[in-house]
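Colleague: sharing a model that was predicted from the sequence below.
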Amino acid sequence: MLFIANAIFAAFGALSLLLAPEQTFSAYGATLDRSGIFVAHILGVTVLGMAVISYLFRNIKDKTALKPILLGFIIVHAGRTIFAFSAATTGLFNQMVWVDVIAHAAFATGFGYYLTKN
């Protein structure tokens, strides 16, 4: 279930970055110039790839196959938690960024639990 939730969360975020980057960032109180839109698109493609990987690994039970994926997802979500927390506490973005802090922390914790459980 964690892999499916991650796939849905990532796909939603990826599509918002690909289809409406300026609107996505405006929800956080930020504006993008042309180079910012380019970076948002690159990030969107990357996150969409993560969504596909997460979805395709949803039924994998082999511990050897799962370990690198779990570690990768932990690094991604923990890193995004750290940077979102920094953006929240320094005023870089508005209060909307706390949604990112909470969501990515939850996914990092969930994948960490899954790794230690298996």
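Modeller: Looks like it came in fine.

Colleague: so T109, which of the three states?
Modeller: Here T109 is recorded as helix under DSSP: H, G, I helix; E, B strand; the rest coil.

Colleague: now it: how far from T81?
Modeller: 9 Å (Cβ to Cβ, to the nearest Å). From N, CA and C alone the C-beta is placed, and that goes for glycine too.

Colleague: the two: which is more packed in?
Modeller: Neighbour totals were compared for T109 and T81, and T81 leads with 20 against 14 (other Cβ atoms under 10 Å).

Colleague: touching, the more buried one and A108? I think so.
Modeller: Yes - if you go by Cβ atoms under 8 Å, T81 and A108 touch, sitting 5.8 Å apart.

Colleague: now F25, nearest residue through space, not along the chain?
Modeller: In space, and not counting its chain neighbours, F25 is closest to L32: 5.3 Å by Cβ to Cβ, 6 or more residues apart in numbering.

Colleague: so which bits of the strand or helix carrying T81 are buried?
Modeller: Here T81, judged by DSSP states H and E, is contained in helix 63-90. Within helix 63-90, the residues that count as buried by 16 or more other Cβ atoms under 10 Å are 66, 69-70, 73-74, 76-78, 80-81, 84-85, 87-88.

Colleague: so where's this structure uncertain?
Modeller: 118 (pLDDT under 70).

Colleague: would you map the helices across it?
Modeller: All helices of the chain, identified by DSSP state H, fall at 2-19, 21-26, 34-56, 63-90, 97-117.

Colleague: contacts for the second one next, please.
Modeller: Meaning helix 21-26. With Cβ atoms under 8 Å, 6 or more residues apart in numbering as the contact definition, helix 21-26 has outside contacts at S16, L17, T31, L32, G36, I37, A40, H41, G44.
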